[in-house]
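Trainee: just need the structure, nothing else, for what follows:
(chains A and B)
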Amino acid sequence: MTNPALPGSTLDPRSRPDDSFVRRLLVVEDLALMRDLIATVFRGHGFEVAAVGSAAEARRVAKTFDPDAAILDIDLGDGQNGVDLAHALLRAHPYLAITFLTDAGDPRIARTDPLPEGATIAYLGKSGMTDLDRLIGAVEATLTDASNARYRDDRAGTRPFARLTPAQLEVLALAAGGLSNAGIAGVRGTNARTVERILQYVYEALGIPADPAMNQRVVAIGRFLEEGGQPLTLPAVTTAGPR
Amino acid sequence: MQAAPGDRSDPGAAPPAGRVRTAWLRIGDPAALSWRVIFLMLPAVIFSPVLADHALYGGPWSAWIVVAGIAEVVLIAILVGARPLLARVGTGGARSAFVLATFVTAGVVRGAAIGTTEAVLGIAPDFEVLFRLVIGPPFIIALLLLAATAVVLHDEHQAIVARLEAERARLLALRRSVDFLLERARRELVARVHETIDPGLRELDAALGPDGGASAGSVVPALRTFIEREVRGFSHRIVADAEPGESGVPIDPVRARPQVPIPPRLPLASGLRPAFLAVLYLVISAPSGLRTLPAPEAIAWSVGVALTAGGLLWLTRRIAGRVELPTPLQLAAVVVVHAIIGVLVIPILRTIGLAVPPNVTAAAIATSAFVGVVAAIAGAVGARRTATEADLRETVLALAETVADLRRRTWLTRRRIATVLHGTIQGTLHVAAIRIASAGTVDAELAATIRREIAAALETLTTTSDAVPDLAAALDDITALWDGTCAIDTRVDGEVGPALAPRTDARAAVIEVVREAVGNAVRHGGASAVTIAISMAGSAVEARVDDDGRGWQGERGGGMGSRLFDELCDAWSHERRDGGTTLRARIALT
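Mentor: As a prediction, the model looks like this:
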């Protein structure tokens, strides 16, 4: 069979849902082009789709639309985020199946709450997606009892910083916020030597060699920021008034 | 208060220091031993022998001029000689002690020199040991301290004036160029975006083929790599401000000639300070009394002069102190008031039966007039200093506000462009990759669609308007987002909406700050009820967010969002209180 929106789609016809009942999908994505693409494809697969561009709109629509599944972009722009939205939606719709669709490879480094837990959650990186089949597969998996392990990019061993523990990530985030080792130690209630040791593990895990011509700390922080990591900054202490 | 860059709201404040300690430290300034002090001392040091002693002892004028000359040379030698030593004497109080010791030495040695010269020339009855070494020196020392203080105060004032002019020039330069700086920053950012992504886009364009024809197998992996390697990281770096050369605002301080005029009108009171001037009268009248009267009567005379003059000054001040006159007239009036006091003092003291030194009437009037000149100048200089300090404070506050405004707008611009790059452009490329992958091969129509969409996405880099929702709509959105999780009560003063309506950037900042504060309270503080109150405070908007959560600035993890608050607010604080926390943010409508 062919997908009307995507000529030559390689979708396996067996994944095609039963047409006898319509499943409702809420798509929250701030880019209209992507939103329309997703909506069109899922409509072609028998979903009833409501597609919106902001978190607030999603909350309003969800009340009357009563979705079974949702695809949420994590970075919704303007300080809204898909993880907050997920937690809020789950309160009103506890059985909602959620697929996060995001650029952030690792939710731990974005400034979000932990993701909701359970078999009804999937997490897909936009960058790994060559077509929407995988997205459809993920939504299907969250709606059925199928294992969703394939659709948890946030747990993939290949994601950036996969090898860092939460403590190591936190130290890196604090360093990215401009703190010295002593400053980080103050925040974490340890001492500067421990902090330096943790940072050495971080450099090792990220494969940043000890090269006298390079500053490992700067390189590590650069990578952290490039991946969209949010520095954990301390309350600013300004000594001079205006700069 | 955990996060209170309070300095930002109060940048002009002087460091607290005791007045006495400040005055004492002033004496230790190198300027206390400068030629300017010597020059200020000239009239008193030369004229007291030439006029007062000549009147008392007679003898040829020339002899007294020689006496005065020698006394002056001695004074200069000691002050100038001590100057190089001062640099070697510690700091702070130690220097003040050294300068005081120098003044004492100068007073005593000068007295000895005058006495010796008088004896050698035979123009005074004897060496006058008591007067020259014990009574005279305190008079000279007091005058030296007064002169030194005046000189150092003048220097301090010049420094304040210079700072004022520099800050004012910065403020003017900044105000004139805010829009230019912002536009330049925006253009540079857009140029950098193009520089970074254009080569990749050209490659994509070439790969698509003139009329399509590319295969997904060749285009998609390259496109994915391009998004991953170039676009994604760059969009994050823009927000994190990790690009070199992007931090701070380039403002070159402009030096201008310090020019703060004396106020054009002054109240009479500024030249009539009873307490301070009474002390001055006491010091000045003491020598004449002690030289000619027995000690108890001499003391009664000095105290009498001080109290009478002080009393008359107080009375005048009470009656006419508030009268404001054009400054030259005011200065003249102050001198005249003092001269009249000089005329009145002797008859009043005689009337109440106090002993008065002989031949003192003319000297009393002249001295009073002299005190009047000192008082008038000191009053005018003081008024100018007060005006300058107020002006400086105001200027620095205005400068801080302008800088905050620029920071705020720069941050918003940067975020706007990052959003376009991260959302629109990157998303469009994702969509393109998905379309190409699904199609397998790119036909002419798909190639044209992709080209058109990418062009439209790039267009948004320069055309994205500052579309900011109005405050009420934004607050509705915030309330809707957390509906069911957290009850949000909003109270917006009626005047806030109209004030923010024309100020896009300030409105965007208020919305961002409130959204961040509410998000933090719910996400990290577990709040279930939040009150948002927005009101005007002068020309600034004050947003207050009270929550019932456990706070979002724990000992660990630092301040969530403090960077955003720093960039967007003129001042902000986040405090814990009973049963929750309170965020206060001030955003000026510059």
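Trainee: ok, longest helix in chain A?
Mentor: As assigned by DSSP state H, the longest helix anywhere in chain A is helix A:192-206.
Trainee: ok, then the element right after that helix?
Mentor: helix A:216-226 (DSSP states H and E).
Trainee: tell me the mean pLDDT over that next one?
Mentor: Averaged over helix A:216-226, pLDDT sits at 84.
Trainee: any idea how far the residue lying closest to B:I135 once chain neighbours are set aside is from chain A?
Mentor: Spatial nearest neighbour of B:I135, chain neighbours left out: B:L290 (4.7 Å); criterion: C-beta to C-beta, 6 or more residues apart in numbering or on different chains. No exception for glycine: its C-beta is placed from N, CA and C like everyone else's. The spacing between B:L290 and chain A, counted by C-beta to the nearest C-beta, to the nearest Å, is 53 Å.
Trainee: for whichever helix or strand B:L290 is part of, name the packing helices and strands.
Mentor: According to DSSP H and E, B:L290 maps onto helix B:274-292. With contacts taken as 3 or more C-beta pairs under 8 Å, 6 or more residues apart in numbering or on different chains; DSSP states H and E, helix B:274-292 sits against helix B:136-208, helix B:295-320, helix B:361-419.
Trainee: please enumerate the strands of chain A.
Mentor: A:23-28, A:47-52, A:69-73, A:97-102, A:121-125 (DSSP state E).
Trainee: now do the second one against strand A:23-28, angle only.
Mentor: Just to be clear, that refers to strand A:47-52. Orientation check (axes from the mean of the first three to the mean of the last three C-alpha atoms, to 10 degrees): strand A:47-52 against strand A:23-28 gives 20 degrees.
Trainee: strand A:47-52 pairs with which strands?
Mentor: Strand pairing for strand A:47-52, determined by DSSP bridges: strand A:23-28 (parallel).
Trainee: check the fourth one too.
Mentor: For strand A:97-102, sheet partners with direction are given as strand A:69-73 (parallel), strand A:121-125 (parallel), following DSSP bridges.
Trainee: show me how far it is from its chain's centre.
Mentor: 8 Å (C-alpha atoms, centre = their mean, to the nearest Å).
Trainee: give me the mean pLDDT for that strand.
Mentor: The pLDDT scores in strand A:97-102 average 89.
Trainee: list the contacts of it.
Mentor: A:29, A:38, A:68-75, A:82-83, A:86, A:89-90, A:107, A:115-116, A:120-126, A:135, A:138-139, A:142-143, A:151, A:154 (C-beta atoms under 8 Å, 6 or more residues apart in numbering or on different chains).
Trainee: can you check the first one too?
Mentor: Where contact means C-beta under 8 Å, 6+ apart, the residues beyond strand A:23-28 that reach it are A:17, A:35, A:38-39, A:42, A:46-55, A:57-58, A:61-62, A:65-73, A:76, A:82, A:85, A:89, A:139, A:143.
Trainee: could I have that strand exported to CSV, CA atoms only?
Mentor: Extracted in CSV, the C-alpha atoms of strand A:23-28 (Å, rounded to 0.1, in the frame of the first residue of the first chain):
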residue,chain,number,x,y,z
ARG,A,23,-7.5,6.6,17.8
ARG,A,24,-7.0,10.2,18.6
LEU,A,25,-3.5,11.7,18.4
LEU,A,26,-2.5,15.1,19.8
VAL,A,27,0.6,16.6,18.0
VAL,A,28,2.4,19.4,19.7
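Trainee: average pLDDT for it?
Mentor: 94.
Trainee: buried set for it?
Mentor: Under the neighbour-count criterion of 16 or more other C-beta atoms under 10 Å in any protein chain shown, strand A:23-28 has A:23, A:25-28 buried.
Trainee: follow-up on the earlier one: tell me which of the strands of chain A sits nearest to B:L172.
Mentor: strand A:69-73 (45.5 Å; C-beta to C-beta).
Trainee: list the buried residues in that closest one.
Mentor: Within strand A:69-73, the residues that count as buried by 16+ other C-beta under 10 Å are A:69-73.
Trainee: equivalent analysis for stretch B:286-299, please.
Mentor: Those would be B:286-293, B:297-298, for stretch B:286-299 by 16+ other C-beta under 10 Å.
Trainee: could I get the contacting residues of the residue in the stretch 201-350 of chain B that chain A sits nearest to?
Mentor: When scored by C-beta to the nearest C-beta, the stretch 201-350 of chain B has B:G233 as its residue closest to chain A, at 3.5 Å. Counting by C-beta under 8 Å, 6+ apart, B:G233 makes contact with A:226-227.
Trainee: repeat that for A:I71.
Mentor: Counting by C-beta under 8 Å, 6+ apart, A:I71 has contacts A:25-29, A:38, A:98-101, A:135, A:139.
Trainee: B:T316: which of those is nearest?
Mentor: Among the contacts of A:I71, and counting by C-beta to C-beta, the member closest to B:T316 is A:V28, at 79.4 Å.
Trainee: quick one: low-confidence ranges for chain A?
Mentor: For chain A, the stretches with pLDDT under 70 are A:1-20, A:77-80, A:104-114, A:119, A:128, A:130, A:145-146, A:228-243.
Trainee: any idea how it splits into domains?
Mentor: Using automatic domain parsing, the domain parsing of chain A gives A:13-155, A:166-226.
Trainee: so which of those domains is the most surrounded?
Mentor: domain A:13-155 (a mean of 19; mean count of other C-beta atoms under 10 Å in any protein chain shown).
Trainee: count of neighbours near the closest residue to B:A278 other than its chain neighbours?
Mentor: Spatial nearest neighbour of B:A278, chain neighbours left out: B:G310 (3.2 Å); criterion: C-beta to C-beta, 6+ apart. Each residue near B:G310 was counted by other C-beta atoms under 10 Å in any protein chain shown, and the total is 21.
Trainee: go ahead and confirm B:G310 touches B:A275.
Mentor: Yes: with contacts counted by C-beta atoms under 8 Å, B:G310 reaches B:A275, the gap being 7.0 Å.
Trainee: other residues contacting stretch B:423-433?
Mentor: A:30-31, A:33-34, A:37, A:75, A:77, A:103, A:126-127, A:129-130, B:197, B:204, B:219-220, B:223-224, B:226-227, B:231-232, B:235, B:450, B:453-454, B:456-458, B:460-461.
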